[in-house]
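Asker: Model the structure of this input:
(one chain, ligands or ions: 1)
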Amino acid sequence: MAHRSRYSDAELALETLKLELERHLRKVPCPVHGEHSRRVTVYGSSVYDMRFKVDGCCDELADAMLESIGQANSIV
Ligand SMILES: [Zn+2]
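Answerer: From the prediction side, this is the model:
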C-alpha cells in the first residue's frame, strides 16, 4: 500500500484536528480582559494526548479555552 503524502491517514487526521483546535481556541476571548490569544499552539502525539500552549493575557484565558474544549489537560 503506497502513500502519496508523507502523512498516514491517522497522522493527517491528527494534524487537521490540531489546526481546527488552534483556530477554535484563537476565537475564545478572555473572560476578564476580553482579549484573544496572540498565539495558540496545539501539539500531541494522538487525539488522546492533545495539549496546547497559549500566549495570552492571563491564566483566565487559558482556563476559558480549556472549558471551551471541555477537557482537563494541563497547560504546559
Ligand atoms: Zn486576561
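
Asker: Lowest mean pLDDT among the helices and strands of this protein, which one is it?
Answerer: Of the helices and strands making up the chain, the lowest-confidence element is strand 50-55, at a mean of 88, by mean pLDDT, DSSP states H and E.

Asker: Who does that one pair with, and is each partner parallel or antiparallel?
Answerer: strand 39-44 (antiparallel) (DSSP bridges).

Asker: now what about the strand it pairs with, what contacts it?
Answerer: Applying C-beta atoms under 8 Å, 6 or more residues apart in numbering, the external contacts of strand 39-44 come out as 14, 18-19, 21-22, 25-26, 50-55, 65. C-beta here means a position set from N, CA and C on the backbone, and glycine is covered the same way.

Asker: so how far is Glu15 from Asp9?
Answerer: 11 Å (C-beta to C-beta, to the nearest Å).

Asker: which one of those two has more residues nearby?
Answerer: Glu15 (12 against 9; other C-beta atoms under 10 Å).
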